[in-house]
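Engineer: All I have is the shape, not the residue letters:
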């Protein structure tokens, strides 16, 4: 649709296939997006939240402990992926053929703390509060919202 002019813009984490195929009709809004993202992270300390898990509050009310169980499960999975990365890192065994990929761990380590993707409310409070403030300022929410009220109460101390 973007390539055919049916839509004017696309906000996505992956480049559209038509762009990757070299379509002259598609261009990034910010050609230097990586440099801009790095600069914003350095200035604000906020790295955009990649994913969220959403469920009806009634599900958690009917199943006490479910939110904590899910949270711990996602932590275990993230830690396993990070461990696999750290184990392969010394030998630069990467799963893709990308030039200078071996430099990426050092570049990221210089910018990010060891835990690149922190989980939990407190670890992401600044980003969540900023998101909620922008949402209200831009008219997407009629009233300001408190971060903790978005999450199951059993997760408030995470």
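Structural biologist: Sure thing, it's come through. Values in this document were obtained by computation on a predicted structure and should not be read as measured data.
Engineer: Find the centremost residue of this protein, please.
Structural biologist: residue 50 (1.8 Å; Cα atoms, centre = their mean).
Engineer: That one: what secondary structure?
Structural biologist: Assigned by DSSP: H, G, I helix; E, B strand; the rest coil, the conformation of residue 50 is coil.
Engineer: end to end, how far does stretch 131-146 reach?
Structural biologist: 11 Å (Cα to Cα, to the nearest Å).
Engineer: That one: which residues count as buried?
Structural biologist: 131, 132, 145 (16 or more other Cβ atoms under 10 Å). Bear in mind the C-beta positions are built from the backbone N, C-alpha and C, glycine included.
Engineer: So which of those are in helices?
Structural biologist: 131, 132 (DSSP state H).
Engineer: How many neighbouring residues does the residue nearest to residue 129 when sequence neighbours are not counted have?
Structural biologist: Once flanking residues are discounted, residue 129 sits nearest to residue 147: 5.8 Å by Cβ to Cβ, 6 or more residues apart in numbering. As a burial measure, residue 147 scores 17 neighbours (other Cβ atoms under 10 Å).
Engineer: got the contact list for residue 147?
Structural biologist: 121, 125, 128, 129, 132 (Cβ atoms under 8 Å, 6 or more residues apart in numbering).
Engineer: that older thread, tell me the spacing between the nearest residue to the residue nearest to the centre of the chain once chain neighbours are set aside and residue 99.
Structural biologist: Nearest non-adjacent residue to residue 50, counting by Cβ to Cβ, 6+ apart: residue 117, 6.9 Å away. Using Cβ to Cβ, to the nearest Å, residue 117 is found at 25 Å from residue 99.
Engineer: go on, residue 58?
Structural biologist: 50 Å.
Engineer: Of residue 117 and residue 99, which one has the most company?
Structural biologist: Shown here are residue 117 and residue 99; by other Cβ under 10 Å, residue 117 has more neighbours (14 against 6).
Engineer: so who does the more buried one touch?
Structural biologist: Contacts of residue 117 (Cβ under 8 Å, 6+ apart): 47, 50, 78.
Engineer: try residue 42
Structural biologist: residue 111 are the contacts of residue 42 under Cβ under 8 Å, 6+ apart.
Engineer: Against residue 79, how distant is it?
Structural biologist: From residue 42 to residue 79 the distance is 26 Å (Cβ to Cβ).
Engineer: Ok, residue 111 next?
Structural biologist: 21 Å.
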